[in-house]
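Peer 1: With the sequence up front, the predicted model follows.
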Amino acid sequence: MKTTQILFTDVSSQTWIEEQLLNAESHPEFSQQADWSIQKRQLHGGSSEGVDLIEVNNGRLKLTVLPTRGMGIWNGMLEDLPLGWNSPVKSPVNPAFVNLSERGGLGWLSGFNELICRCGLISNGPPGTDADGNPLESELTLHGRIANTPAHYVAVELDPADGGWLRITGRMSEGMLFGSQLQLESTLETQLGSASFTIRDRVTNVGASEAELELLYHINVGAPFLEAGAQFAIPFEEMAPRDPRAAEGVTDYQTYLGPTPDYAEQAYYFQPVADELGVTPALLSDSRGKLGFLVEFKKAGLPCFTLWKNTQPEAAGYVTGLEPGINFPNFRATEREQGRLKGLKPGERYETEFKVSILNNSDSVDAIRQKITKLTQQSPSVIHESPHPRFS
Amino acid sequence: MKTTQILFTDVSSQTWIEEQLLNAESHPEFSQQADWSIQKRQLHGGSSEGVDLIEVNNGRLKLTVLPTRGMGIWNGMLEDLPLGWNSPVKSPVNPAFVNLSERGGLGWLSGFNELICRCGLISNGPPGTDADGNPLESELTLHGRIANTPAHYVAVELDPADGGWLRITGRMSEGMLFGSQLQLESTLETQLGSASFTIRDRVTNVGASEAELELLYHINVGAPFLEAGAQFAIPFEEMAPRDPRAAEGVTDYQTYLGPTPDYAEQAYYFQPVADELGVTPALLSDSRGKLGFLVEFKKAGLPCFTLWKNTQPEAAGYVTGLEPGINFPNFRATEREQGRLKGLKPGERYETEFKVSILNNSDSVDAIRQKITKLTQQSPSVIHESPHPRFS
Amino acid sequence: MKTTQILFTDVSSQTWIEEQLLNAESHPEFSQQADWSIQKRQLHGGSSEGVDLIEVNNGRLKLTVLPTRGMGIWNGMLEDLPLGWNSPVKSPVNPAFVNLSERGGLGWLSGFNELICRCGLISNGPPGTDADGNPLESELTLHGRIANTPAHYVAVELDPADGGWLRITGRMSEGMLFGSQLQLESTLETQLGSASFTIRDRVTNVGASEAELELLYHINVGAPFLEAGAQFAIPFEEMAPRDPRAAEGVTDYQTYLGPTPDYAEQAYYFQPVADELGVTPALLSDSRGKLGFLVEFKKAGLPCFTLWKNTQPEAAGYVTGLEPGINFPNFRATEREQGRLKGLKPGERYETEFKVSILNNSDSVDAIRQKITKLTQQSPSVIHESPHPRFS
C-alpha cells in the first residue's frame, strides 16, 4: 500500500482548501482503525478571524495544528487528558492582529497561548537592538517572527506503514530583500493509536549570504501535569539559573508550586546529557507520579534546554515550559558572543527533532525517571547557584 | 412570550455567521410591527476587508454596529436624519490594517470614523510612556486598543416585552500573559419604533491581579445637528478648558462655529451634575432648536464629561464629541495622580450606562433644555477660564 | 459599440466580487479576438491570505494586478517572456501582515516583490523623522504607504474602440482626521494583442488643507532583460550618483553586471530630457540587444528619474529599477528643500502617465536606442562623478 498525499495549501499554485475532513470513510484504504481523522477548518470572529486550523486525531491523541501561526500546536487531548495550558489569550490569534514591535517589543505575548510554539528564526529571547548582525534585523522583538508567520504550504500524508502514520508538513518563509532568507519545513508525525508525536524541522538558508539562526521550542504545559508538588527531571552536565530571581529557587528547581499569587517567572538553563542514541529525555510528572509529559529531543540539533517555571494563578496563566533549543533565550548578542548562534551558509540545512509522549500510568513514569536517574548518575550534574558567565 | 436568542459569533465554540437577516418574516412571533430588522453582513475590499457589520433597524432608527471594531457604532439614521459625521476615513477599517503605534502613537486615527467609539480599556488619552502601571502596558498609544479589538462573542436578543426590544451583545478581551486581563461585555438596546438606544457596558477583571481601567465614549456628531450656531448644554459643578487653545474659546463653549478653515480642536472638561435619578443630560441642539442629539449618562459610572469641538471644514471632518467617561482623556499618569483611574480587583466588575435620544422637534428640545437649565440653576456651574490643576 | 463597465469592488456600496472571469465567451460583443481575458481571484494561505488579484490577458501580454497592494503589478508575461524579478518574497503579501514601522522603518521590504510598485503618497525614500510637514506625518517609513493600501474601488472597462482596449481602474485613499487626505485613481490600459500597457494615475487632494505629495514608480526588472552586459539608456540633462557607493560605478552606469555576490546597491539620479511630445524613453536592453524593456514617461508629471542597480545573486534578488517620479527617493526633508515636493491645494489634481513596452527583436530595440542617442546628442548630458548638491 502506498502513501496518500493531500495538499491543503500551496500559495505558489493558488491551492487552498477551506474545510476538509479526512477519515476512515474518505480514506478506507489507509487503515482499518476507524477512529482517526484529520480535519481542516478556518476560524472566524474575534482575533481568530481567518486562522487556519487542523485537528489531527490518531484515534487516541488529538492535536490542533495552526498553519496560520507557523505550524504551532495550539493544544491537544489524550483521551480525556488536556494537553496545554490556560493562557489569558483564549483562542488562536491571527498574526494580522499581532504587532510584535509594540509594548517595547513584547507584542508577541498578545498571541501566545500554544502548547508548542517556535521561537526564531533570526532570533529569540528578549527584545532589543543587536547591531552586529544583518542591519535589517537589528531591531529584535521577543522570540522572533516564526510563530506569527503563516505557512504558505501545508500538506498531509497518510502512510499505511506500521499500522498507519499521520503526517502534517508545513513550510514558512522568513526573508525579504536585503534580509536573511530562511525557510522552515516542519513535519508533525503521529502513529495511529499512540500517545506520542514527533516534530522534525528543517531550516534551510535559501538566500545568497550566510545567515544566523536561533530556534527554541516553547513547549508549554499546565494542569493536570503541572500542580503543587509536580516534578521536573532532566540529565545534564551543567545548569545555571537565568537571573537572580531564578537563583532564589535553584535548590528547588525540580519541584513546582501550585498556583501562587504574585509569583514571578523563573528560568533555568541546562547543558543536557543524552543517552547512547543522542536523545535527552526531559520529564514533567504530576505530584503522584501517575502522569508524565515527556519531551525527548535529539541533542545534536538541540544542544540547549531551558526550564521555564511560571506558576502564577490559573487566571494569570499557570504554566511551565520545557524548552529544547539551538540556543538559550538570552538576547541574541549574548548568544552570538557565546558561540551558540548557528551560522547557515547559502543552501545549508539545519535539522531538529523531538518527540512528545504522554505517560498516563506510574509504570511508564517510573521507567523514564529511572532512565533519567541513571543518565544523571553518569553525568557531572553541576548546579551553579547563581547566573553563570557560560550561560549568559 | 419569551425572548429569542440568536448567536452570531462565538469563537470558543467555532460559531460564526457570515450573513443573516432577522425580520418580521423570519421571526413573526416577536412583533406585529413589520419594519424592524437585524442584518449581519461582512464587508470586503479596501481596508474594510473582513469587517463584520450588523445593521439594526427598530422600524424608525437604524444603527450600524461593528463587532470587528469593538462593538463601536459606525453610524445611524433616524428616518432621513443621518447620525454620525463625515470622517476623512470613509468606511469601517479592519484593525488588521491599523498600527496603533505608528505616527508617534497616533495610528488610532487611521481607523477613526465612528458615531460611537470606545476609548480604553487600559488607557485613553494621548500616547506616551507611563512607567507606573503594568510594565507591559507602559507604551501607551492614543485612546487604547478597545476600538480595534474584534468581538469574540456576538449575540442578538429579540425580547417581545413592551412592544419589542432589540438587543445586541458583544464581548471583547484585552489581555495576555503578564498583562492585565479585562473583559468588556457591551449591550446595545433599542425599543421598536423608538428614537433612542441605550448602551450598557460591563468591564470585568478576569485576571489574578488588580488592573487599572480607563474608559471614555467618543460620541461624535456632525451635521445636521452640528452647524453654525448649534448649542451645547450640560449641568455641571465645574468646568475647565483642557489647554490654552481651549481657553481661548471658554466663554463661547456652548456655541459652535460652522466649518472653519484652519480651526484647531478645543476640549472642555466637566464635572457633571445629575438629576434625582443619577442621570446627567448632555445636549447638542441645532441653531434653530428643532433638532437635538441627547446623551443621558449615569453619573455613578461615568463621573467625567469631555466636550470636543472640532469644527474643521467638512472635508477635514466637521464634528463635535460628547464624551462621558470614567476619566478625562489626559495622559494616564495624570489621571492616576488625580485618582480618576478605576482600579479593579480580580473578579471585580465595573458598569456604565448611557442613552442616546434623537429629538426632532422644538418641544422635545425645549423640554430637555429646561431640564438642563433647572439642574444648572441648582449647581455651582463654576467655569475656570484657564486649565485647572484639578482637571489636568 | 459601447464600452462595458464591470464593477469588482466598491466598499461604499458594499460591492465585491470574489471570483470572476471575463472573456470572449462572457463578452462576445467586445472583440472577435478569442484569447483575451480578465480574471479576478482571491489568494489564500500564507501571507497572501485575502489578497485580491486580477489577471489581465490582452491575448499576448499578461499582467497580474494587485488591488490589495495599491493596484501594484505583481508580474507579467509576454508570450513566454517573464516580466518581473525573483524577490526573496515569493508571493503577494497582504498589507495586514506588513508592519511598515518595524526594522527601523524598513518593514516595507517584507512585502516588496512587484514588477511595478508605487512609492508615496505623502512620502517615499528612506525612513526618518521629518518634522516640517503635517505633525501626524513626521515619522516616515520607507517608501510610504500606498503600496500597502488596499483599493476600495476596482472597476474594469471593455472598450471595443480600435480593436479593443482593456482598462482596470482602482482607487486608494491615504488620509485620516488631522492628516493630509489624498486619493489616487489609477488606470491601467492595454490594447488587445499589444506588447505594451499604459498607466495613468491621478492624485487628488480631497482634504481641506494643502498637502504635500511624493510619488515614484518602482519598476523592477530582472532576467532575461537584466543580465551581464545588459544596457541602460536614457536621454538626460544632468545625472549624479546618489552616494559614494554609486559614485564608484558612475562611469559604468549604463552597463550591468551579472549576479554578483556581496554586490551593494547603486542608485543614479537623472534630470531627464523629453522628445517633442514631452515623453522621455528609458530603456533596459539585454546584452545582445534583442530584448528591451522600455518605459516612456510624460516628463511634465514625472520630472525625475532614478536608476536602481541591484545586481545581487539571484537568490538574494537580481533586479534593476527604472523609476520615474515626481521626486528623487531622498529623505523627504531633502526633497522639500530642493523644491521637488508637489504641494496640492484642496481639490487640486496631479496627473502622471507612463507606458511600458516589451521589445522582443533587435529592430525595435535599435529604433529606440537611436531615438535615445539622438535626444542625447541634443542634450547637455552632464554627468557628475560624485553626489551633487542639486540632487541630494
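Peer 2: Yes, it's here. Residues are numbered from 1 along each chain as shown, chains lettered A, B, ... in the order given.
Peer 1: rest of the way, CA atoms for contacts and neighbours
Peer 2: Will do.
Peer 1: Okay, and A:N220 sits in which element?
Peer 2: Here A:N220 sits within strand A:211-221, counting by DSSP states H and E.
Peer 1: And the residue of chain A that's closest to chain B?
Peer 2: Per CA to the nearest CA, A:G46 is where chain A lies closest to chain B, at 3.9 Å.
Peer 1: That residue reaches B:G170, doesn't it?
Peer 2: No: look at A:G46 against B:G170 with CA atoms under 8 Å: they stay out of range, at 10.2 Å.
Peer 1: Who has more neighbours out of those two?
Peer 2: A:G46 (31 against 24; other CA atoms under 10 Å in any protein chain shown).
Peer 1: hang on, the earlier thing: let me know whether the strand holding A:N220 sits next to chain C.
Peer 2: No: shown here: strand A:211-221 not in contact with chain C (CA under 8 Å from any CA of the partner chain), separated by at least 12.0 Å.
Peer 1: so where do the helices sit in the stretch 251-392 of chain A?
Peer 2: With DSSP state H, counting those that start in this stretch, the ranges of helices along the stretch 251-392 of chain A come out as A:332-337, A:362-377.
Peer 1: which residues are common contacts for A:G46 and B:G170?
Peer 2: B:A151, B:H152, B:Y153 (CA atoms under 8 Å, 6 or more residues apart in numbering or on different chains).
Peer 1: Please identify which of these is nearest to chain A.
Peer 2: Closest to chain A, out of all of the shared contacts of A:G46 and B:G170 and judged by CA to the nearest CA, is B:H152, at 3.9 Å.
Peer 1: can you tell me which residues contact the nearest residue to the closest one once chain neighbours are set aside?
Peer 2: Nearest residue to B:H152 in three dimensions, chain neighbours excluded: A:G46, at 3.9 Å (CA to CA, 6 or more residues apart in numbering or on different chains). By CA under 8 Å, 6+ apart, the contact set of A:G46 is B:V11, B:T68, B:T149, B:P150, B:A151, B:H152, B:Y153, B:M172.
Peer 1: What ranges does the stretch 201-350 of chain A have for its strands?
Peer 2: Using DSSP state E, counting those that start in this stretch, the strands of the stretch 201-350 of chain A run over A:211-221, A:231-233, A:236-241, A:266-272, A:279-285, A:292-298, A:304-311, A:318-325, A:342-344, A:349-359.
Peer 1: swap that for the stretch 51-200 of chain A, sorry
Peer 2: A:52-57, A:61-66, A:72-78, A:81-83, A:116-121, A:128-129, A:139-140, A:153-159, A:165-174, A:182-191, A:196-205.
Peer 1: contacts for the third one?
Peer 2: In other words, strand A:72-78. Residues outside strand A:72-78 that contact it (CA under 8 Å, 6+ apart) are A:60-66, A:82-85, A:92, A:113-118, A:147, A:195, A:358.
Peer 1: Next one, pLDDT for A:S392 please.
Peer 2: The model reports A:S392 with a pLDDT of 87.
Peer 1: Can you report how many residues lie near it?
Peer 2: 18.
Peer 1: if I read this right, it contacts A:N330, doesn't it?
Peer 2: Yes: with contacts counted by CA under 8 Å, A:S392 reaches A:N330, the gap being 6.7 Å.
Peer 1: which parts of chain A sit against chain B?
Peer 2: A:43-48, A:87-91, A:96-97, A:99, A:102-104, A:106, A:109-112, A:261-262, A:313-317.
Peer 1: again, only this time at 7 Å
Peer 2: A:43-47, A:87-89, A:96-97, A:102-104, A:109-110, A:313, A:315-317 (CA under 7 Å from any CA of the partner chain).
Peer 1: Quick check: buried residues in stretch A:366-385?
Peer 2: Residues A:D366, A:I368, A:R369, A:I372, A:L375, A:T376, A:S379, A:S381, A:I383, A:E385 are the ones in stretch A:366-385 that count as buried (16 or more other CA atoms under 10 Å in any protein chain shown).
Peer 1: close enough to count as contact, the fourth one and A:F232?
Peer 2: No: using CA atoms under 7 Å as the test, A:I372 is too far from A:F232 to be in contact (10.6 Å).
Peer 1: returning to what we had before: distance of the residue nearest to B:H152 relative to B:L216?
Peer 2: Relative to B:L216, A:G46 is positioned 22 Å away (CA to CA, to the nearest Å).
Peer 1: now swap in A:L121 and tell me
Peer 2: 41 Å.
Peer 1: Same question for A:K299.
Peer 2: Counting by CA to CA, the gap from A:K299 to B:L216 is 54 Å.
Peer 1: in stretch A:353-361, what counts as buried?
Peer 2: Residues of stretch A:353-361 classed as buried by neighbour count (16+ other CA under 10 Å): A:E353, A:F354, A:K355, A:V356, A:S357, A:I358, A:L359, A:N360.
Peer 1: Identify all contacting residues around that stretch.
Peer 2: Contacts to stretch A:353-361, defined as CA atoms under 7 Å, 6 or more residues apart in numbering or on different chains, come from residues A:195-201, A:290-298, A:365.
Peer 1: A:V273 - nearest residue in space that isn't next to it in sequence?
Peer 2: Closest to A:V273 by CA to CA, 6+ apart is A:F236, at 4.7 Å.
Peer 1: what sits against the one you found?
Peer 2: Contacts of A:F236 (CA under 7 Å, 6+ apart): A:F270, A:Q271, A:P272, A:V273, A:T376, A:S379, A:S381.
Peer 1: Quick check, pLDDT for it.
Peer 2: 98.
Peer 1: do the same with A:K62
Peer 2: Taking A:K62 on its own, its pLDDT is 98.
Peer 1: Output stretch A:99-114 as CSV, nothing but the C-alphas.
Peer 2: C-alpha atoms of stretch A:99-114 as CSV (Å, rounded to 0.1, in the frame of the first residue of the first chain):
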residue,chain,number,x,y,z
ASN,A,99,2.1,43.9,16.4
LEU,A,100,5.4,42.4,17.5
SER,A,101,7.0,45.8,17.9
GLU,A,102,4.5,47.2,20.4
ARG,A,103,4.8,47.1,24.2
GLY,A,104,8.5,47.7,24.0
GLY,A,105,9.0,44.7,21.7
LEU,A,106,6.8,42.3,23.7
GLY,A,107,3.8,42.3,21.4
TRP,A,108,4.4,38.6,20.8
LEU,A,109,2.7,37.9,24.1
SER,A,110,-0.6,39.1,22.7
GLY,A,111,-0.8,35.9,20.6
PHE,A,112,0.8,33.5,23.0
ASN,A,113,-1.3,30.5,24.1
GLU,A,114,0.1,27.4,22.4
